[in-house]
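**Student:** Just a sequence and a predicted model for now, questions to come.
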Amino acid sequence: MKQARLALLLLVGLISPISEGASVTVQNLRMWEAPDNTRLVFDLSGPLEHRLFTLREPDRIVIDMDNARLLGTLPDLDFSGPRLAAVRTGSQGDQQLRVVLDLKRATRPRTFVLKPYGQYGHRLVIDLYDPDTITSPSAAPALTSRPKRRDMVVAIDAGHGGEDPGAIGRRYRTKEKHVTLAIARELARLVDAAPNMRALLIRDGDYYVDLHERFVKARRHEADVFISIHADALPGRSSSARGASVYALSERGASSVLARMVADKENASDLIGGVSLNDKDDLLAKVLLDLSQTATISSSVTLGSDMLVELARIGPIHLESVQQAGFAVLKAPDVPSVLVETAFISNAAEEKRLRSKSFQQKLAGALFSGVQRYLRRRPPPSTKPQDVAEGGTRVYVVQPGDTLAGIARAYGIHEDALRFANDLPDSVLQVGRKLVLPR
Ligand SMILES: [Zn+2]
């Protein structure tokens, strides 16, 4: 009897979740599937106190929200993913909303709240990680010696994703996150089709990856270059702004006011998509002190210039030189990294182009040529596809665009030693010629 009454109370709670005095309303629930986690975002009318606990047999997660009620019903979600089976709600007592997540398998939940930012209000984020996949800064490998011969790895980062749509076009309401992923996939296709090159897609679906995790992932896979793909936006009367821009990290200060603005806009992604619980500031402080950063930034600017040359072939350029500012996503200490604003999504004509497959392919082609151009000029140590061993001697086959000084620098050999070993009268190189690389 007592049990029946309890069930009845619960049922009443379910039927009329609106209780007097509850101050926070849960307005919506959104869900995104990433390869190693499922993210749930509750949109709230105000700041929320909550508790989360896990239960076994069957696996489920309970979230109690104080002083909260559900507005209407939860939207239909797609439960075909590997972790979540169902979401149920009920009112506990007068002013508590209970949400139960029925799981398909055990997960490690991570929860945090986000304050309003831009068009977004208060949010409660619950990430369901597969056990043992939570990464921390210490999980990033130290600089290890790379295997002698391997493919060059191109990390391709599609900007934004999941609950962070990025900029939104005014004419067609195009979301930046969809455009960036489409271009990223085209670029990955080109990279994977090239000999001795391999693409690493930082995200390959509609979910958010925090900015710090993006470059950590690139480092984990020993990426040789990192390309973050975006679409630009300027508000209001600046809607005629057009063309591509390329950005690199600056150690201090921004090279222009616009560079600072763009950096602030792109860094805000973490305010929309969520913050890592890792103490990233500590790591970044250390990273920024790293001497290798200076060399990496110089390489990043070179990579950016190579991209601009190629981008200029297919469309207008917004800023002629590589701009520098404090982009969180570009802070890998040892991977040359650029952020490419491919075109202005806030410009109706460019928004239309960004939506078209043919322009996406053109952009990907330009970025690919830019990467190739850069990797020819500055082949990363011990990744050179042309570095063939012949009877124990290292040999390098001259590529178009190579200079004697560039090859010497890449292999850590004095230019004169290289010239002497190959009996070269001057610095003129013939494409296809094999050069002996002295120890
Ligand atoms: Zn962006």
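**Tutor:** Looks like it arrived, so ask away.
**Student:** who are the neighbours in contact with the residue of the chain found nearest the ion?
**Tutor:** Nearest to the ion, among the residues of the chain, is H230, at 3.4 Å (Cβ to the ion). Glycine gets a C-beta too; all of them are placed from N, C-alpha and C. H230 sits next to 159-160, 166, 176, 180, 266, 339-342 when contact means Cβ atoms under 8 Å, 6 or more residues apart in numbering.
**Student:** Hmm, which of those residues is lowest in pLDDT?
**Tutor:** Minimum pLDDT across these is recorded for E266, with 83.
**Student:** Am I right that that residue is in contact with L339?
**Tutor:** Yes: counting by Cβ atoms under 8 Å, E266 touches L339, with 6.7 Å between them.
**Student:** got any residues that touch both of these two?
**Tutor:** 159, 230, 327, 329.
**Student:** my guess is the last one meets V216, correct?
**Tutor:** Put plainly, it is V329. No: proximity of V329 to V216 does not meet the contact threshold set by Cβ under 8 Å, at 10.7 Å.
**Student:** which of these two has more neighbours?
**Tutor:** Set V329 next to V216 and count neighbours by other Cβ atoms under 10 Å: V329 wins out with 28 against 24.
**Student:** which residues does that one contact?
**Tutor:** Counting by Cβ under 8 Å, 6+ apart, V329 touches 157, 159, 211, 214-215, 228, 266-267, 337, 339.
**Student:** got the shared contacts of E266 and L339 as JSON lines, with secondary structure columns?
**Tutor:** Below are the shared contacts of E266 and L339 laid out as JSON lines (DSSP: H, G, I helix; E, B strand; the rest coil):
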{"residue": "G159", "secondary structure": "coil"}
{"residue": "H230", "secondary structure": "strand"}
{"residue": "F327", "secondary structure": "coil"}
{"residue": "V329", "secondary structure": "helix"}
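**Student:** Quick check: chain neighbours aside, which residue is closest to L71?
**Tutor:** Nearest in space to L71, with sequence neighbours left out and distances taken as Cβ to Cβ, 6 or more residues apart in numbering, is T25 at 4.5 Å.
**Student:** show me what contacts the nearest residue to S427 once chain neighbours are set aside?
**Tutor:** Spatially, and ignoring its direct neighbours in sequence, S427 is nearest to L404 (4.5 Å; Cβ to Cβ, 6+ apart). Contact analysis of L404 by Cβ under 8 Å, 6+ apart lists 415, 418-419, 424, 427, 429.
**Student:** Are any of the residues you listed buried, and if so which?
**Tutor:** 418-419, 429 (16 or more other Cβ atoms under 10 Å).
**Student:** how about the residues of the stretch 201-350 of the chain that lie near the ion?
**Tutor:** H230 (Cβ under 5 Å from the ion).
**Student:** where along the stretch 201-350 of the chain do the helices fall?
**Tutor:** Applying DSSP state H, counting those that start in this stretch to the stretch 201-350 of the chain gives helices spanning 211-220, 257-267, 269-273, 280-289, 292-311, 348-355.
**Student:** so where's the stretch 1-150 of the chain uncertain?
**Tutor:** Scanning the stretch 1-150 of the chain for pLDDT under 70 picks out 1-22, 94, 132-149.
**Student:** Just the strands from it, written as ranges.
**Tutor:** 24-33, 37-44, 50-55, 60-66, 68-70, 84-92, 96-103, 108-114, 122-129 (DSSP state E, counting those that start in this stretch).
**Student:** And these: which comes nearest V246?
**Tutor:** For the strands of the stretch 1-150 of the chain, proximity to V246 was assessed by Cβ to Cβ; strand 24-33 is nearest, at 28.9 Å.
**Student:** who touches the closest one?
**Tutor:** Contacts of strand 24-33 (Cβ under 8 Å, 6+ apart): 38-48, 65, 67-71, 74-75, 77-78, 81, 84, 87, 97, 121-122, 161-163, 205-208.
**Student:** What's the ChimeraX line that selects buried ones from those residues?
**Tutor:** In ChimeraX syntax, the buried subset of those is picked out as below (16+ other Cβ under 10 Å):
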select :38,39,40,41,42,43,44,45,48,65,67,68,69,70,84,87,97,122,161,162,163,206,207,208
